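Enquirer: Test case, fold it:
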Amino acid sequence: MNISNDQFIRTTEPNHKASVQNFWNVLVENGFIYLGYYEGWYSVRDECFYTEMELVDGKAPTGADVEWVTKEPSYFFKLSAFQAKLLDYYEKHPQCIAPESRKNEVLAFVRGGLRDLSISRTSFTWGVPVPGDSDHVMYVWIDALANYISALGYPDVSEGSKFQKFWPASLHMVGKDILRFHAVYWPAFLMAAELPLPKRLFAHGWWTKEGEKISKSLGNVIDPVELVNKYGVDQTRFFLISDGSFGNDCDFSDLAMISKVNTNLANELGNLCQRTLSMVYKNCNKAVPTKVGPYSTEDEALLNRIKALSSVTGQAIAHQALHKYTDAIIAAVWDANKYVDTMAPWVLKKTDPERMDTVLYVLLEAIRQISILYQPVIPSASSAILDQLNVPKDERTFAHLLTPIKLGASIMQPVGVFPRIEVPELIETQSR
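Expert: The predicted structure is shown next:
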């Protein structure tokens, strides 16, 4: 998928264990952990305890099986002490949980009353040992959630430490099935340890396939490696980011993917680049025009539209509306194609060559900015387009959006970037 990570963390690492045990000791010292007994319903798959009232037809709300845990010793976290504090925090930081529907779920859960949370087990030995009591290992969520700060070297919070530099996190991105742990338990743990809370939590939805829940039992699991091998890395990234409303559940089908990729990438962006760069290469001595005349109303309209993309896409990302990010660029590409059709530079070649140069320059500048903004979504294709424009490698950041393409700069011979996806059997199925 052409993605990577800054650090790969295992919660079995010695540094993580030491960090979590220190975190535990702080909670003990602050009076928020005590020893008691636990019995109740537990879901192995969800790694979560549920009350009788939360069960749906004998299963967890997520549909996972539950098992009864007989009475056993357990350390508890005083979650009940944080109900009012959490509600006050949510009220004072209205953007701390998104989308709004997920925030409402959290508010309903917390307002319904919080019970103290079992945070250790004695029935198994894997996990981080509880400091001073080797019969207990920490319950998975206090161990797993503390991973966010152990990765930053906690308990080292000194000036110049990674913790000081990166915490609190600007954004936690999680699946909706683990919302409660991140929106209720984690902030309560941090409050108890007197540490800052993440600035924002966003819970995304699930993918379905052709209207059905994806599961092994249904045999409809989607293998992302197969998608990449079949359709391409950028094409897969584009569809997963742009299709549906990010934050809600989204539905996948091969037909939908083929249609969207062919329409928005091959037909629209690919066609815009191919016909513009081909005209420039053939008619402008293989280079950006050397002279640009006064801009017409149509020129200004397109350039202003492109210039505004930075603000529009920035707002989309700030609200994790990834689909709106791509929607804005798709609309700009459509406007650029309409501009080509209206200006008809192939006609201007014969009637007004100087005007043709201006039109082609406007289009090259539009393509340059569009390609820079598309880099987070389709990095390989964007890089290929910028290569054909001969945009220097060090002038491809968002900071260079308003650095116009240089007059007279040479361009490479254009090559198609987005081949159409042709799957005859699927197209035949669709036609039926």
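
Enquirer: Which residue ranges of the stretch 151-300 of the chain form helices?
Expert: Along the stretch 151-300 of the chain, counting by DSSP state H, counting those that start in this stretch, helices occupy 162-166, 179-180, 186-192, 224-231, 233-242, 254-260, 271-283, 297-307.

Enquirer: could you say what helices and strands the fourth one packs with?
Expert: Here helix 224-231 touches helix 233-242, helix 254-260, going by 3 or more CB pairs under 8 Å, 6 or more residues apart in numbering; DSSP states H and E. In this view, the C-beta of every residue, glycine as well, is placed from N, C-alpha and C.

Enquirer: Comparing those helices, which comes out most buried?
Expert: Relative to the other members of these, helix 233-242 carries the highest mean neighbour count by mean count of other CB atoms under 10 Å, namely a mean of 21.

Enquirer: For that helix, enumerate the helices and strands it packs against.
Expert: The helices and strands touching helix 233-242, judged by 3+ CB pairs under 8 Å, 6+ apart, are helix 224-231, helix 254-260, helix 322-343, helix 379-388.

Enquirer: these two touch, right, residue 172 and residue 183?
Expert: No. The pair residue 172 and residue 183 fails to qualify as a contact (CB atoms under 8 Å) at a distance of 9.0 Å.

Enquirer: Could you name every residue contacting both of those two?
Expert: Residues touching both residue 172 and residue 183 comprise residue 201, with contact defined as CB atoms under 8 Å, 6 or more residues apart in numbering.

Enquirer: Quick check, pLDDT for the residue sitting furthest away from the middle of the chain.
Expert: Among the C-alpha atoms of the chain, the one most distant from their mean position (CA atoms, centre = their mean) is that of residue 351, at 48.5 Å. Reading off the confidence values, residue 351 has pLDDT 97.

Enquirer: do you know how far it is from residue 38?
Expert: Plainly put, residue 351 is 84 Å away from residue 38 if you go by CB to CB, to the nearest Å.

Enquirer: Would you mind giving the secondary structure of residue 35?
Expert: Counting by DSSP: H, G, I helix; E, B strand; the rest coil, the backbone at residue 35 sits in strand.

Enquirer: who are the neighbours in contact with it?
Expert: 73-76.

Enquirer: can you redo those as CSV with secondary structure, pLDDT and distance to residue 103?
Expert: Written out in CSV, the entries for these read as follows (DSSP: H, G, I helix; E, B strand; the rest coil; pLDDT from 0 to 100; distance: CB to CB, whole Å):
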residue, secondary structure, pLDDT, distance to residue 103
73, strand, 91, 36
74, strand, 91, 30
75, strand, 95, 30
76, strand, 94, 27
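
Enquirer: Please identify which of those is nearest to residue 157.
Expert: Using CB to CB, the shortest approach to residue 157 within the contacts of residue 35 belongs to residue 75, at 24.5 Å.

Enquirer: Go ahead and confirm that closest one touches residue 135.
Expert: No. Judged on CB under 8 Å, residue 75 makes no contact with residue 135 at a distance of 10.5 Å.

Enquirer: if you count what's nearby, which of these two comes out ahead?
Expert: residue 75 (24 against 11; other CB atoms under 10 Å).

Enquirer: How about that one: what's its closest non-neighbour residue?
Expert: If the residues on either side of it in the chain are set aside, residue 75 comes closest to residue 120, at 4.1 Å by CB to CB, 6 or more residues apart in numbering.

Enquirer: Next, the buried residues of the helix or strand residue 311 falls within.
Expert: With secondary structure defined by DSSP states H and E, residue 311 is part of helix 309-318. Using 16 or more other CB atoms under 10 Å as the test for burial, helix 309-318 gives 309-310, 312-313, 316.

Enquirer: All the helices of the stretch 1-150 of the chain, residue numbers only.
Expert: 14-29, 83-92, 100-111, 140-145, 147-150.

Enquirer: Next, format those helices as JSON lines and append distance to residue 200, mean neighbour count and mean pLDDT.
Expert: Conversion of the helices of the stretch 1-150 of the chain to JSON lines gives the following (distance: least, CB to CB, whole Å; neighbours: other CB atoms under 10 Å; pLDDT from 0 to 100):
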{"stretch": "helix 14-29", "distance to residue 200": "22", "mean neighbour count": "18", "mean pLDDT": "96"}
{"stretch": "helix 83-92", "distance to residue 200": "12", "mean neighbour count": "14", "mean pLDDT": "98"}
{"stretch": "helix 100-111", "distance to residue 200": "11", "mean neighbour count": "15", "mean pLDDT": "96"}
{"stretch": "helix 140-145", "distance to residue 200": "16", "mean neighbour count": "20", "mean pLDDT": "88"}
{"stretch": "helix 147-150", "distance to residue 200": "14", "mean neighbour count": "20", "mean pLDDT": "95"}
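
Enquirer: May I have stretch 329-347 exported as CSV, CA atoms only?
Expert: What follows is the C-alpha trace of stretch 329-347 in CSV, where atoms were taken according to Å, rounded to 0.1, in the frame of the first residue of the first chain:
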residue,chain,number,x,y,z
ILE,A,329,-9.7,17.6,-6.2
ILE,A,330,-12.0,15.5,-8.4
ALA,A,331,-14.2,18.6,-8.8
ALA,A,332,-11.1,20.7,-9.7
VAL,A,333,-10.0,18.2,-12.3
TRP,A,334,-13.5,18.3,-13.8
ASP,A,335,-13.3,22.1,-14.0
ALA,A,336,-9.9,21.9,-15.7
ASN,A,337,-11.3,19.4,-18.3
LYS,A,338,-14.2,21.7,-18.9
TYR,A,339,-11.8,24.6,-19.3
VAL,A,340,-9.9,22.6,-22.0
ASP,A,341,-13.0,21.9,-23.9
THR,A,342,-14.1,25.5,-23.7
MET,A,343,-10.8,27.1,-24.6
ALA,A,344,-10.1,24.5,-27.4
PRO,A,345,-6.3,25.0,-27.6
TRP,A,346,-6.1,22.8,-30.7
VAL,A,347,-8.2,25.5,-32.4
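
Enquirer: Give me the contacts around that stretch.
Expert: Stretch 329-347 has contacts (CB under 8 Å, 6+ apart) with 242, 264, 268-269, 271-272, 275-276, 279, 298, 302, 305-306, 309, 313, 356, 359-360, 362-363, 366-367, 370, 373-374, 377.

Enquirer: With stretch 12-22 instead?
Expert: The set of residues that contact stretch 12-22 without belonging to it, under CB under 8 Å, 6+ apart, is 9-11, 128-129, 131, 138, 142-143, 146-147, 149-151, 153-155.

Enquirer: One more pass at 7 Å, please.
Expert: 9, 128, 131, 138, 143, 146-147, 150, 154-155 (CB atoms under 7 Å, 6 or more residues apart in numbering).
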